[in-house]
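K.L.:
here is a sequence together with a model predicted from it:
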Amino acid sequence: MSTLSTADPVPGAPDPNRPLLFAHIPRTAGSTLKYVLRATLGHARSLLDAHFYDTTGEDLCAFGLVEGHLGVDFFAERFGPEWHGNGLTMLRDPTARTVSQARHIRARPGPFQDELRERVADPDALFERMPRLANLQTKYLAGLHLDEPDVGEAALAAARANLDRLAFGVAESFDSSVALLMERLRFGIPKFDVVNVSRGREDDDLLSDDFRAAATRHNDVDRRLYEYATGLLRERIDDFARALLYTPAEQAPLRCRLRFRRQVVEHRITLPADGVAAARISGWVLLDGRPADAVLLFVGNKVTPLVPRVERSDAARGTHDLHNRTAGVLGTLRVPPDATSIELIAVDRSRGLRSRRTFEIVRVDPDPLPERVKNRVGKILGR
């Protein structure tokens, strides 16, 4: 565990004598996160899919990570009431999560597949037969049985109380969530992308407006939990940024190379005149010749933390410095149409350094669609 000052906004701190404890709620981008953690900690130290195994009598503290479709009751029983300090979880918009879960059940053999083998003509009747599709996130975080049909105020209060003490993220803000988790865990990570996406070919009934409306109705408690979680995550991101900005530091030279919407961003960026520009931003950032340990992007008064210390071989090749192989940064940036600039702030707490750079936004009217197609084809053909 690093002794550097931390900007981690989660109460408490991980106990080095316990493994990381990942309460993985299905269809919340948790598979992406668990493979990132396994790649970092190593296969031998990672117990993935612990719900598959009989762990009675096993010393789970021998692992560095215990992950599975397991509720808070399992972790409290096996690791004691203070397990939250090592706990983490992910949440997702309840309607999108439920649709994904239904598609996943249909696509894979299992005890509930028969319920979804035929087209769903009456979504409400399906939810009555399969209470597992209703308010599942609250059930995991309140310690309820997954087939419990009634989820009320007491369960919501318990789930919120557990969430207050856990490190967590939401799938719709995945990169920012990972940035905060890495701050808490204090290690770098490999490159990553979303995995385990459901892609059924005969799922038009599950993707219909009727099914989505039923999923929303039957996940009303999860909707309230998700709204609480997204608000709490935004508060934590703001607290994280403030802690970094108020950390004493000396100004240092900054070098960076970023890509956003197929553009190399060094001093300015060209964006359409209308609409929100949202996309992944990636590249590398060096502060006085070494990787930054935190990077923030400000667009107006909204801050987006980037995931730092990502494996990035081109930074090492470009500088011929082996220390820079983990200089990569990664995030998802949304730029509203009224924004005129993007400000980057990089911090290296180990050396007490900080720097900033402002990227000017140049607005242009997009070419007509036929012209864009022609230009794209020309590039492909090398003309």
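P.N.:
On my side now, so go ahead.
K.L.:
flag the shaky bits of this structure, pLDDT-wise.
P.N.:
Low-confidence segments of the chain (pLDDT under 70): 1-4, 194-201, 367-383.
K.L.:
the helices in the stretch 51-200 of the chain, which residues?
P.N.:
Using DSSP state H, counting those that start in this stretch, the helices of the stretch 51-200 of the chain run over 72-79, 94-107, 123-129, 136-142, 153-165, 174-185.
K.L.:
now render these as CSV, adding distance to residue 114.
P.N.:
All C-beta atoms are positioned from the backbone trio N, CA, C, and that covers glycine. Formatted as CSV, these follow (distance: least, C-beta to C-beta, whole Å):
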stretch, distance to residue 114
helix 72-79, 27
helix 94-107, 10
helix 123-129, 11
helix 136-142, 19
helix 153-165, 28
helix 174-185, 33
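K.L.:
out of the ones you listed, which gets nearest to residue 300?
P.N.:
When those are compared by C-beta to C-beta, helix 174-185 sits nearest residue 300, at 16.0 Å.
K.L.:
that closest one packs against which elements?
P.N.:
helix 30-41, strand 167-170, helix 220-245, strand 302-310, strand 328-335 (3 or more C-beta pairs under 8 Å, 6 or more residues apart in numbering; DSSP states H and E).
K.L.:
and that helix, how far from the chain's centre?
P.N.:
7 Å (C-alpha atoms, centre = their mean, to the nearest Å).
K.L.:
try stretch 171-184
P.N.:
For stretch 171-184 - counting by C-alpha atoms, centre = their mean - the centre lies 5 Å from the chain centre.
K.L.:
state the distance from the nearest residue to residue 106 once chain neighbours are set aside to residue 6.
P.N.:
Nearest residue to residue 106 in three dimensions, chain neighbours excluded: residue 116, at 4.1 Å (C-beta to C-beta, 6 or more residues apart in numbering). Applying C-beta to C-beta, to the nearest Å, the value for residue 116 to residue 6 is 45 Å.
K.L.:
check residue 54 too.
P.N.:
Residue 54 is 37 Å from residue 6, where distance means C-beta to C-beta.
K.L.:
and the residue nearest to residue 268 when sequence neighbours are not counted, which helix or strand is it part of?
P.N.:
Nearest residue to residue 268, sequence neighbours excluded (C-beta to C-beta, 6+ apart): residue 360, at 4.2 Å. Counting by DSSP states H and E, the element that carries residue 360 is strand 353-364.
K.L.:
who are the packing partners of that strand?
P.N.:
strand 250-251, strand 254-260, strand 268-272, strand 277-287, strand 341-348.
K.L.:
buried residues of stretch 231-243, list them for me.
P.N.:
Going by neighbour count (16 or more other C-beta atoms under 10 Å), the buried part of stretch 231-243 is 232, 233, 236, 237, 240, 241, 243.
K.L.:
should've said stretch 53-68
P.N.:
55, 63, 64, 65, 66, 67, 68.
K.L.:
list of residues touching that stretch?
P.N.:
17-22, 24, 30, 34, 37-38, 41-42, 45-52, 78-79 (C-beta atoms under 8 Å, 6 or more residues apart in numbering).
K.L.:
quick one: end-to-end length of it, please.
P.N.:
10 Å (C-alpha to C-alpha, to the nearest Å).
K.L.:
what does stretch 163-174 give?
P.N.:
Stretch 163-174 stretches 17 Å from its first residue to its last (C-alpha to C-alpha).
K.L.:
for stretch 9-19, same thing?
P.N.:
For stretch 9-19, the end-to-end distance is 20 Å (C-alpha to C-alpha).
K.L.:
with stretch 117-124 instead?
P.N.:
16 Å.
K.L.:
list the buried residues of it.
P.N.:
So, applying 16+ other C-beta under 10 Å, buried residues of stretch 117-124: 120, 123.
K.L.:
domain parsing of the chain, as residue ranges.
P.N.:
20-243, 250-366 (automatic domain parsing).
K.L.:
what's near enough to touch residue 337?
P.N.:
273, 274, 275, 276.
K.L.:
need the three-state assignment for it.
P.N.:
What DSSP: H, G, I helix; E, B strand; the rest coil gives for residue 337 is coil.
K.L.:
with adjacent residues omitted, what lies nearest to residue 139?
P.N.:
Nearest residue to residue 139, sequence neighbours excluded (C-beta to C-beta, 6+ apart): residue 146, at 5.5 Å.
K.L.:
relative to the whole chain's centre, how far out is stretch 20-29?
P.N.:
So, by C-alpha atoms, centre = their mean, the centroid of stretch 20-29 is 11 Å from its chain's centroid.
K.L.:
likewise stretch 33-47?
P.N.:
On C-alpha atoms, centre = their mean, the centre of stretch 33-47 falls 16 Å from the chain's centre.
K.L.:
and it, which residues are buried?
P.N.:
Buried residues in stretch 33-47 (16+ other C-beta under 10 Å): 33, 34, 35, 36, 37, 38, 40, 41, 46, 47.
K.L.:
kindly report the same for stretch 299-319.
P.N.:
Applying 16+ other C-beta under 10 Å to stretch 299-319 flags 299, 303-312, 315-316, 319 as buried.
K.L.:
and these, which two are furthest apart?
P.N.:
Counting by C-beta to C-beta, the most remote pair of the buried residues of stretch 299-319 is 299 and 316, 29.5 Å apart.
K.L.:
what's near enough to touch residue 11?
P.N.:
164, 165.
K.L.:
to residue 287, which of the helices of the stretch 51-200 of the chain lies closest?
P.N.:
Residue 287 lies closest, by C-beta to C-beta, to one member of those: helix 174-185, at 16.6 Å.
K.L.:
what lies in contact with the closest one?
P.N.:
Taking C-beta under 8 Å, 6+ apart as the rule, helix 174-185 contacts 6-10, 14, 20, 29, 32-33, 36, 88, 90, 167-170, 188-189, 192, 194, 233, 236-237, 240, 280, 294, 304-309, 330-332.
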